[in-house]
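Undergrad: Build me a model:
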Amino acid sequence: MKRLKKGKHVIYLLIALSMLVIALPRISFAGGMDWVNIFGIVWVLFSLLIVGAHLHFILGVDEEKKRALEAVRRAKLRQWEMKLLDKQERSESV
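TA: Next up, the predicted model:
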């Protein structure tokens, strides 16, 4: 299932890159800041954002982040258990 999701994102990434490669030479950034140039700049930035989002998913940054957060959560849980056991041992020894 994960492979299918990543394959879908690879296809979307290739489509976005091809749109960017085809459209970038046709967009004129010369001639001042009129509405056409502003639209071209916004369109390029938006397409780069889409490419970045698909790369982020394909590279699995979210999965690494989830694993790191899970490790932190487990470490905190162990600390709480140790504190509770320590308190319990102190109360039993008194």
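
Undergrad: pLDDT on the strand or helix carrying Arg74, on average?
TA: Using DSSP states H and E, Arg74 maps to helix 61-93. Average pLDDT, helix 61-93: 86.

Undergrad: Tell me how far Val72 lies from Leu4.
TA: Look at Val72 and Leu4: by CB to CB, to the nearest Å, they are 30 Å apart. Placement of C-beta: from N, CA and C, glycine included.

Undergrad: Can you get me a residue count around Gln19?
TA: Check again: residue 19 is Met, not Gln. Counted with other CB atoms under 10 Å, residues neighbouring Met19 total 14.

Undergrad: Distance check, it against Leu45.
TA: According to CB to CB, Met19 and Leu45 sit 14 Å apart.

Undergrad: Also Asp34?
TA: Going from Asp34 to Leu45 by CB to CB gives 17 Å.

Undergrad: Could you do Arg90 as well?
TA: Counting by CB to CB, the gap from Arg90 to Leu45 is 60 Å.

Undergrad: what does Ile11 give?
TA: Relative to Leu45, and taking CB to CB, Ile11 is found at 22 Å.

Undergrad: cool, and Gly52?
TA: Noted for Gly52: a distance of 10 Å to Leu45, by CB to CB.
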